[in-house]
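Peer 1: Next come a sequence and a model predicted from it.
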Amino acid sequence: MVKMNATAPERLREHRERSALPLSLNNARQLGGIVLRDGRRVRDGLLLRTSRLADASEEDLRVLRERYRLSLILDMRGESEIRRAPDPDVPGAKWVQTDIIDFAFLRESLLTRAQGHASSLLDKPDEPGGERMLDWMIETAREGARSGRSDLGLGSAYAAYLESALGRENLGLFFHELAANESGAALWHCHTGKDRTGIAAGLILEVLGADWETIAADYETSNLYYADDVAALERRLREKGVEEEIMPPVCGFVGVHLPMLENAWKYMEREWGGPIGYLTRACGVTQDELAALRERYIEDGT
């Protein structure tokens, strides 16, 4: 079995059990209860992360309205994704699009990771998960392995999301809206709730004061929700005779692969002095907004 996680399995299972939301949506979790560096915790029931809301049942929507008093939805998908599967209307909740993937920028930079986001990224008539797309993923992973650098090929995509003008603008909008949301829960999502959603969760946890191991555990917990998809893709790769060393990054196509997040954090450290510097200097998030986020979303530990 391909090894996908750096975090200990016991910690991932514990994190899933503590963070799972009572919804039928896949990968539906919250940040509430996460312990921060100073011993305080993320406040319960206010920061929710899910896969796309188009898949929500009527009962899911009722729980979001009545139990969590959902007041803000941050949709991190692009226009074509939203047209195919628009979010349902949730009375009392403000909806804001905060797309962070500039596909033209990715093409020009040759920093690509096709993930259920859009097969048009590679100008291929193949559906995500199709054979030509998979063959491209395999060859791109091989090129990265030959280079000896994890920040090239598939591993570079998240950093490119953050580097693009669209990414900077809409992550700024994401945090402006989150800081201004004064009552009820905020929910953010993309398609599968693991890549774009995972980046946003990591940045929120940075603002609130979580350590890297906690950020990594929250990110890698997605692999528990997509274990069957990872296993199915692994079988396809083994049938193709794919080398063991590139199994994890290619299987990250349907799960998550921590080096991608690490490379995004290295980009922010190198170019902006870290995630907080990136948010303030690249995205325009103010110190007052950071303070408002910490005030609203942190509680004393017990």
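Peer 2: It's in.
Peer 1: pLDDT below threshold where in the stretch 101-250 of the chain?
Peer 2: 105-129, 147-154 (pLDDT under 70).
Peer 1: Please enumerate the helices of it.
Peer 2: Applying DSSP state H, counting those that start in this stretch to the stretch 101-250 of the chain gives helices spanning 103-109, 131-147, 157-163, 165-180, 196-208, 212-220, 222-225, 227-239, 247-251.
Peer 1: Tell me which residues of the second one come out buried.
Peer 2: Of the residues in helix 131-147, those buried under the neighbour-count criterion (16 or more other Cβ atoms under 10 Å) are Met133, Leu134, Trp136, Met137, Ile138, Thr140, Ala141, Arg142, Gly144, Ala145. Yep, even glycine has a C-beta here, placed from its N, CA and C like the rest.
Peer 1: which one of the residues you listed sits closest to Lys266?
Peer 2: Proximity of the buried residues of helix 131-147 to Lys266 (Cβ to Cβ) peaks at Gly144, which lies at 15.0 Å.
Peer 1: wait, isn't that closest one in contact with Pro249?
Peer 2: Yes. Judged on Cβ atoms under 8 Å, Gly144 makes contact with Pro249 at a distance of 7.0 Å.
Peer 1: For Gly167, give its distance to Leu173.
Peer 2: Distance of Gly167 to Leu173, computed by Cβ to Cβ, to the nearest Å: 11 Å.
Peer 1: just to revisit the earlier point, okay, the buried residues of helix 131-147 in a markdown table with distance to Glu269 next?
Peer 2: Listed next are the buried residues of helix 131-147 as a markdown table, based on distance: Cβ to Cβ, whole Å:
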| residue | distance to Glu269 |
| --- | --- |
| Met133 | 32 |
| Leu134 | 32 |
| Trp136 | 30 |
| Met137 | 27 |
| Ile138 | 30 |
| Thr140 | 25 |
| Ala141 | 24 |
| Arg142 | 28 |
| Gly144 | 21 |
| Ala145 | 24 |
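Peer 1: which residue sits closest to Cys251 in space, ignoring its chain neighbours?
Peer 2: Val230 (5.0 Å; Cβ to Cβ, 6 or more residues apart in numbering).
Peer 1: show me what contacts that neighbour?
Peer 2: Going by Cβ atoms under 8 Å, 6 or more residues apart in numbering, Val230 touches Val2, Met4, Asn223, Cys251, Val254, Gly255.
Peer 1: Quick one: buried ones out of those residues?
Peer 2: Here, 16+ other Cβ under 10 Å leaves Val2, Met4, Asn223, Cys251, Val254, Gly255 buried among the contacts of Val230.
Peer 1: what two of these are the furthest from one another?
Peer 2: Val2 and Val254 (11.4 Å).
Peer 1: list the buried ones in stretch 34-54?
Peer 2: For stretch 34-54, by 16+ other Cβ under 10 Å, it's 34, 36, 40-43, 46-54.
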